[in-house]
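# no sequence for this one, just the structure:
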């Protein structure tokens, strides 16, 4: 069995589940780093390792988790910008009333 294959799979699943929190992005990055190390080991000598499908599934889920985490961060930034613009216009309107 490839080293970290199960860990990568668990991290990939958790990165998707917690994708709407910042921890999903962190878990996805950790899963991706661990997966890349194990994928390199598999490419060097594929005959002695098994569990590549599990590692590959975790790698894909880690990428999905990173994308979801990044989308969530962009969403939060846009919401703060909209809220700030709304509060600025509200403040300007209340000064002239």
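Received it, and whenever you're ready, just let me know what you need. These numbers come from a predicted model, not from an experiment. Numbering: from 1, shown residues only.
# Distance of the most centrally placed residue in the chain relative to residue 8?
The residue at the geometric middle of the chain, judged as the C-alpha nearest the mean C-alpha position with C-alpha atoms, centre = their mean, is residue 66 (2.2 Å). Taking C-beta to C-beta, to the nearest Å as the measure, residue 66 falls 13 Å from residue 8. Heads up, the C-betas are built off the backbone N, CA and C, glycines and all.
# for the record, mean pLDDT for the helix ranked longest in the chain?
Ranked by residue count under DSSP state H, the longest helix found in the chain is helix 52-95. For helix 52-95, mean pLDDT rounds to 92.
# quick one on the thing from earlier: run through the residues that contact the nearest residue to the residue nearest to the centre of the chain once chain neighbours are set aside.
The spatially closest residue to residue 66, leaving aside those adjacent along the chain, is residue 28, at 3.9 Å (C-beta to C-beta, 6 or more residues apart in numbering). For residue 28, the contacting residues are 11, 12, 15, 19, 62, 63, 64, 65, 66, 69, taking C-beta atoms under 8 Å, 6 or more residues apart in numbering as the criterion.
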